[in-house]
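S.K.: mind looking at a prediction? Sequence and model below.
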Amino acid sequence: MACTATGAPVGPDPSVEAPVTRPLSRAVLMGLLALVLAAVAVPARAEGNASLLDIQVELERSGVARVTQTLTFDGEVPEEITQRIAVRENVLGDREHVYEVTDVRVEADQPLTPEVEQGADAVTVTVPTAGVSGPVSISYSVSGATFASPEGTQFRWRVLQGLSVSVSEVTGEVTLPGLPTDFQCRSGAPDAANPGVCRFSAAGTDDNPVPVFGDGARGQGEMVELLLTVPAGVVEVTSVENRRWTLGGAFSVDPLPLGLALGVLVLGGLAIFLLHRRAGRDAAPGRPIRVAEFRPVAEGRSEFSVLAAVRPGQVGTVVDERVDPIDVTASLIDLAVRGHLRIIELPRADEFARTDWKLVRRSDGDPSQLAGWEQRLLDALTPPEGRDGLLVSEIGPAIAAHIADVQSALYDDVVRNGWFERRPDSTRNRWGTIGTVALVVAVVATGLLVALTTFGLLGLALLAVALGLVFVGQEMPARTTAGSSLLAGLDALRAELLTHPTEEMPPGRELHELSEVLPYAIVLGGRDRWIDAIVTADDDEHADPTDLAWYHGPDRWHLHHLPESLKNFISATSGNLFAR
C-alpha cells in the first residue's frame with residue numbers, strides 16, 4: 001500500500017506589488033518559501049526503520065527450518081543491525097523448550113561479516129552495515145521447532161523476533177513438504193499473554209496453495225509467530241524439552257520423589273531405632289542396688305544411712321550419663337559434709353559487694369574413703385603453699401583446668417565400677433563423629449539433588465535421618481546390668497527424697513543427718529525441702545555462723561540464711577569451676 005500527498009505551493013500573491021522600499025523582507029520570504037518547498041518535495045529518510053520485511057521459511061522433512069529475513073530500507077540503512085533469537089522457551093511448570101540455531105548468514109550488496117554470539121538463552125547476531133545501500137538478508141537454520149500434537153506435527157516459531165529496527169510492513173511465505181491442515185499467524189509484543197492476529201494468513205486455497213502471511217507495522221523487538229500443523233509423519237518431530245530449575249520443581253511431590261523420600265524416612269528411622277536398641281540400650285536390670293535409705297531408729301524417727309559407697313558425683317553421672325557442673329559442685333559439698341573441706345561464707349565488704357566463700361581443707365574425714373576422682377578434686381582446690389584457704393572468686397582458668405581431669409577420672413570410675421562398658425563421653429564422641437559425617441554427606445547430597453534433580457524431598461529425608469542419628473548418638477552410652485540395677489535403686493532413692501518426711505531426724509542430730517542427705521538431694525531432686533528442714537531445725541533466735549560443721553557463715557548469720565547462701569554458692573562455684 002502506498003500513500004501519497006499533494007498540495008499547491010504556497011507563495012506571495014503576484015497581484016500585489018510589494019513596496020520597493022522593502023527588498024530585504026522579500027528576500028527573506030523567498031528563502032523561507034524555498035525551504036518549505038524542499039521539505040515537501042523530498043520524502044523523509046528515517047534511520048532505524050525498514051519499509052519492508054520479507055520472511056521466507058523453508059521447512060524440511062527433517063524438521064529443520066531455514067528462515068530468511070530480507071530487510072528493505074527506503075532511507076538510510078542503520079550502521080548496525082542486531083537480532084536476538086531466543087533458544088529457550090519456558091512452558092508450564094518447570095519445563096522449557098530448547099532450540100538450536102545454526103548456520104547464520106548475512107547477505108547484502110557488499111560482503112558483510114556478522115558477529116554471532118551463542119548465549120545460554122539466545123543467539124545474538126550483530127550486523128555492521130556501514131556502506132550498505134540495498135536490502136540486507138539475515139538467514140539461519142533452527143531445529144527443535146516441530147512438536148508432536150494430537151492433530152499431527154506442529155511447527156511453531158517466531159519468524160520475527162528481537163530485531164533492533166522497526167518495520168512498516170511484513171510479508172512472508174512458507175515452503176514445506178505436503179499441505180498444512182492448520183495455519184495461524186500471531187503478532188505483537190514478545191511477552192504478551194494473548195498475542196494479536198496477523199493482518200492476513202492463508203494456506204491450502206486455490207490462490208494460496210502454500211502458506212502466506214502478512215502484517216502491518218512492527219516495532220523494535222516485536223514478534224511474528226507462525227503455528228503450522230501438518231499430518232503426522234510429514235516432517236520429523238525435533239522438539240527438545242528440558243527441566244528448568246525452580247524451587248517448587250526441585251521439591252517435586254510427584255509419586256516417585258515423594259515415595260522415595262517417605263521410604264528413606266521410614267527405613268532410616270527404623271535403622272536408627274534398631275541401632276539404638278542394639279548398641280545404645282541399657283542392659284536389663286537385676287535386683288535394684290540401694291544406695292541409701294531412711295532407717296527407722298525409733299517411733300516416728302529415722303536416720304539417713306548410706307548403704308553403698310556411691311557418692312553424689314557418681315550418682316549424677318550414672319543418672320544422665322554426663323559429668324555435669326552440678327555433679328562436681330554436689331561432690332564438693334559432700335566432701336565438706338564428710339569432713340574434708342569447710343565452706344566459709346565471708347562477710348561482704350559493703351552492702352553492694354559480691355558474696356565470696358573460702359574453701360578450707362580439713363582433716364576430719366577419712367582419707368582412705370576418698371575415691372581417686374575425689375582426691376583429684378581436693379587437690380585441685382588445695383590452696384597454694386602458705387595460704388589457709390582458696391577463695392571461690394580466685395578459681396580461675398589455672399584451677400578450672402584441673403576439672404577436666406576430675407571429669408575424666410569420674411568417667412573412668414563409672415567404668416571401673418562396672419556401671420558402663422565404655423566411657424559415656426567416648427561413646428558420645430564416637431557416635432557424634434559418625435552423625436556429623438552423615439549430616440555433612442546429607443547436606444552435600446541435598447544440595448546436589450536440589451540443584452540437579454526434582455528429588456529435593458529425598459534430600460530433606462536424608463537430612464532428617466542424619467539429624468536423627470546425631471541426636472540418638474548422644475543417647476548411645478549404655479549401662480550394664482549393674483548400672484541398670486544401680487539406676488533402679490537411684491530411682492527409688494529419688495522418690496524417697498521427694499516424699500520422705502523431713503522432720504523425723506533423731507533429736508539432737510538433725511543438722512548432721514540432714515546435711516548427709518543434702519548432696520544426694522542436690523543431684524537427684526528435693527534439694528529445697530531438705531534445706532528448709534535444716535532451717536526448721538534451728539529452734540532459737542541466736543546467730544548460727546558455726547552450727548554447721550561444714551558451712552560457716554559470717555557473724556550474725558542465721559540458718560534461715562542458708563537457702564540463699566547455698567543457692568549463691570552453687571551458682572558461683574559451678575560457674576568458676578567450668579569457666580572457659
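M.R.: Noted; the coordinates are in hand. Numbers count the residues shown, from 1 in each chain.

S.K.: where does this structure have its least confident helix or strand?
M.R.: Within the chain, no helix or strand scores below helix 23-41, which has a mean of 39 by mean pLDDT, DSSP states H and E.

S.K.: next SSE after that one?
M.R.: Scanning forward in sequence from helix 23-41 by DSSP states H and E, the next helix or strand is strand 49-50.

S.K.: other SSEs contacting the helix or strand following that following strand?
M.R.: Counting by DSSP H and E, the next helix or strand C-terminal to strand 49-50 is strand 52-59. Applying 3 or more CB pairs under 8 Å, 6 or more residues apart in numbering; DSSP states H and E, one finds that strand 52-59 contacts strand 65-72, strand 152-160, strand 170-175, strand 223-230. For every residue, glycine as well, the C-beta is placed using N, CA and C.

S.K.: could you dump those strands into a markdown table and include distance to residue 390, mean pLDDT and mean neighbour count?
M.R.: Below are the helices and strands packed on strand 52-59 laid out as a markdown table (distance: least, CB to CB, whole Å; pLDDT from 0 to 100; neighbours: other CB atoms under 10 Å):
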| stretch | distance to residue 390 | mean pLDDT | mean neighbour count |
| --- | --- | --- | --- |
| strand 65-72 | 92 | 97 | 20 |
| strand 152-160 | 87 | 97 | 21 |
| strand 170-175 | 97 | 96 | 20 |
| strand 223-230 | 87 | 96 | 22 |
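
S.K.: what would the ones you listed look like in JSON lines with distance to residue 521?
M.R.: JSON lines is the format used below for the helices and strands packed on strand 52-59 (distance: least, CB to CB, whole Å):
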{"stretch": "strand 65-72", "distance to residue 521": "89"}
{"stretch": "strand 152-160", "distance to residue 521": "83"}
{"stretch": "strand 170-175", "distance to residue 521": "94"}
{"stretch": "strand 223-230", "distance to residue 521": "84"}
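
S.K.: those: which one's closest to residue 252?
M.R.: Nearest to residue 252 among these is strand 152-160 (26.8 Å), distances taken as CB to CB.

S.K.: what pairs with the closest one, and is each one parallel or antiparallel?
M.R.: Using DSSP bridges, the strands paired with strand 152-160 in its sheet are strand 146-149 (antiparallel), strand 223-230 (antiparallel).

S.K.: closest one to residue 216 among those?
M.R.: Taking these one by one with CB to CB, strand 223-230 is closest: 10.5 Å.

S.K.: and the angle from that closest one to strand 170-175?
M.R.: Interaxial angle, strand 223-230 versus strand 170-175 (axes from the mean of the first three to the mean of the last three CA atoms, to 10 degrees): 20 degrees.

S.K.: gap between strand 223-230 and the chain center?
M.R.: From the chain centre to the centre of strand 223-230 is a distance of 44 Å (CA atoms, centre = their mean, to the nearest Å).

S.K.: and for stretch 202-219?
M.R.: In terms of CA atoms, centre = their mean, the centre of stretch 202-219 is found 55 Å from the chain centre.

S.K.: do stretch 522-538 as well
M.R.: 48 Å.

S.K.: same check, this time on stretch 119-130
M.R.: 39 Å.

S.K.: quick one: average pLDDT of it?
M.R.: Mean pLDDT, computed over stretch 119-130, is 94.

S.K.: list the contacts of residue 157.
M.R.: 57, 65, 67, 142, 145, 225, 226 (CB atoms under 8 Å, 6 or more residues apart in numbering).

S.K.: on that earlier part again, minimum distance to residue 156: which of the strands paired with strand 152-160 has it?
M.R.: Nearest of the strands paired with strand 152-160 (CB to CB): strand 223-230, 5.1 Å.

S.K.: then the closest one to CSV, C-alphas only?
M.R.: Extracted as CSV, the C-alpha positions of strand 223-230 are listed here (Å, rounded to 0.1, in the frame of the first residue of the first chain):
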residue,chain,number,x,y,z
MET,A,223,7.4,-10.6,17.1
VAL,A,224,5.5,-12.5,14.4
GLU,A,225,4.9,-16.2,15.2
LEU,A,226,3.7,-18.9,12.9
LEU,A,227,1.8,-22.0,14.0
LEU,A,228,1.5,-24.5,11.2
THR,A,229,0.2,-28.1,11.5
VAL,A,230,0.8,-30.9,9.1
